[in-house]
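Chemist: turn this into a structure:
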Amino acid sequence: MRTFAQRNRLTATTVAEFAKNPEVLAAIEQGVAAANGKLSRVEQIKKYIVLPEVWEPGSEVLTATGKLERTPIAIRYADTIESLYA
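Modeler: Okay, the predicted model is just below:
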């Protein structure tokens with residue numbers, strides 16, 4: 001994140017600010033488009049949301065080894081997940 005900010009001369013300092021920054025969102029969109037170009041239509045990312053937080057290993061959403069904690073994620077982000085399928 002810092003490297004991207006320095007390279008692009010961004011003034012954002014928090015993850016929440018980066019999650020709303022148009023240059024960051026454009027870079028993410030380019031990455032998604034590049035990945036989608038290598039996937040079949042049914043595998044492609046159709047919608048996504050950039051969360052204003054970092055998931056740290058050992059937190060409520062990741063184990064200490066970085067595996068997803070699916071139930072806490074489903075509960076914590078229920079409205080966000082639902083909006084992706086609406």
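Chemist: give me the most central residue, the chain.
Modeler: V50 (4.0 Å; Cα atoms, centre = their mean).
Chemist: could you point out which element follows whichever helix in the chain runs longest?
Modeler: In the chain, with assignment by DSSP state H, the single longest helix is helix 22-36. Next helix or strand after helix 22-36 toward the C-terminus (DSSP states H and E): helix 70-76.
Chemist: need the contact partners of the helix or strand following that following helix.
Modeler: Scanning forward in sequence from helix 70-76 by DSSP H and E, the next helix or strand is helix 78-85. For helix 78-85, the surrounding residues in contact (Cβ atoms under 8 Å, 6 or more residues apart in numbering) are K47, Y48, I49, L51, A74. For every residue, glycine as well, the C-beta is placed using N, CA and C.
Chemist: recalculate using a threshold of 7 Å.
Modeler: Here helix 78-85 makes contact (Cβ atoms under 7 Å, 6 or more residues apart in numbering) with K47, I49, A74.
Chemist: ok, stretch 6-19 next?
Modeler: M1, A5, N21, E23, V24, V50, L51, P52, E53, V54.
Chemist: how about it: buried residues?
Modeler: For stretch 6-19, the neighbour count (16 or more other Cβ atoms under 10 Å) marks L10, A12, F18, A19 as buried.
Chemist: and the one helix or strand the third one maps to, average pLDDT?
Modeler: In this case it means F18. In this assignment (DSSP H and E), F18 forms part of helix 15-20. Helix 15-20 shows a mean pLDDT of 92.
Chemist: which ones are touching the residue nearest to the centre of the chain?
Modeler: Neighbour list for V50: A19, L25, I28 [criterion: Cβ under 7 Å, 6+ apart].
Chemist: can you list the residues you listed in JSON lines and add distance to Y85?
Modeler: What follows is the contacts of V50, written out as JSON lines (distance: Cβ to Cβ, whole Å):
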{"residue": "A19", "distance to Y85": "21"}
{"residue": "L25", "distance to Y85": "21"}
{"residue": "I28", "distance to Y85": "20"}
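Chemist: which of those sits closest to A64?
Modeler: A19 (24.8 Å; Cβ to Cβ).
Chemist: and K38, backbone torsions?
Modeler: Note on K38: its backbone torsions stand at phi -100, psi 0 [degrees, to the nearest 10].
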